[in-house]
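Student: take a look and give me a structure for this.
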Amino acid sequence: MSITTSLNEDLKNAMKEHNKTALNVIRSLKSALTNEKVALGHDLSDDEELTVISREVKQVKESIAEFKDGGRDDLVAEQEEQLAVLSKYAPKQMSKEEIDKVVEETISEVGASAMSDFGKVMGAIMPKVKGKADGNEVNQSVKAHLS
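Tutor: I've put the predicted structure just below:
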């Protein structure tokens, strides 16, 4: 089932259940997908849809971190509810071990040996893990392996 079809079905269910959080998140996600479609000028591919969803997930995670730093636990709980709804549509994330394995393989592929090769490794690894791993986790893993 396509993401759009899934979103439409879940939107109907959220309306029937009067689930305001899910309703707001799904509407927001549909809007983001539509905006991306208009900006690109063509129907979105599955990869492009996943990129938009990953961007939305990242924004919510950043909001949670900001609200935690600001001591706004009420808003943290609200954002975590939204993240739970968004996570349903996001691709499964790679584990730390899986990220480390891809990092090790990529380092040997590009022949990196020092921190000066960091950019070359990141440039080669990000297309492999796009949408499946958080960039910060990949960044930390590459730094750990190169130092």
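Student: leaving aside the residues next to it on the chain, what's closest to the most centrally placed residue in the chain?
Tutor: By C-alpha atoms, centre = their mean, the mean C-alpha position of the chain lies nearest to S54, the distance being 2.6 Å. Leaving aside its chain neighbours, S54 sits nearest to G131 (4.9 Å; criterion: C-beta to C-beta, 6 or more residues apart in numbering). Any C-beta I mention is one placed from the backbone N, CA and C, and that applies to glycine too.
Student: now the strands: where do they sit in the chain?
Tutor: Counting by DSSP state E, the chain has no strands to list.
Student: which regions of it lie under the pLDDT threshold?
Tutor: Where the chain drops to pLDDT under 70, the residues are 1.
Student: now do 80
Tutor: Scanning the chain for pLDDT under 80 picks out 1-2, 91, 112-114, 117, 130-131, 134-135, 147.
Student: pull the longest helix from it.
Tutor: In the chain, taking DSSP state H as the definition, the longest helix is helix 46-69.
Student: that one packs against which elements?
Tutor: Helices and strands touching helix 46-69, by 3 or more C-beta pairs under 8 Å, 6 or more residues apart in numbering; DSSP states H and E, are helix 3-17, helix 20-40, helix 73-87.
Student: for the residue of the chain most remote from its centre, give me phi and psi.
Tutor: The outermost residue of the chain, judged against the average C-alpha position, is S113 (29.2 Å), by C-alpha atoms, centre = their mean. Main-chain dihedrals, S113, degrees, to the nearest 10: phi -140, psi -10.
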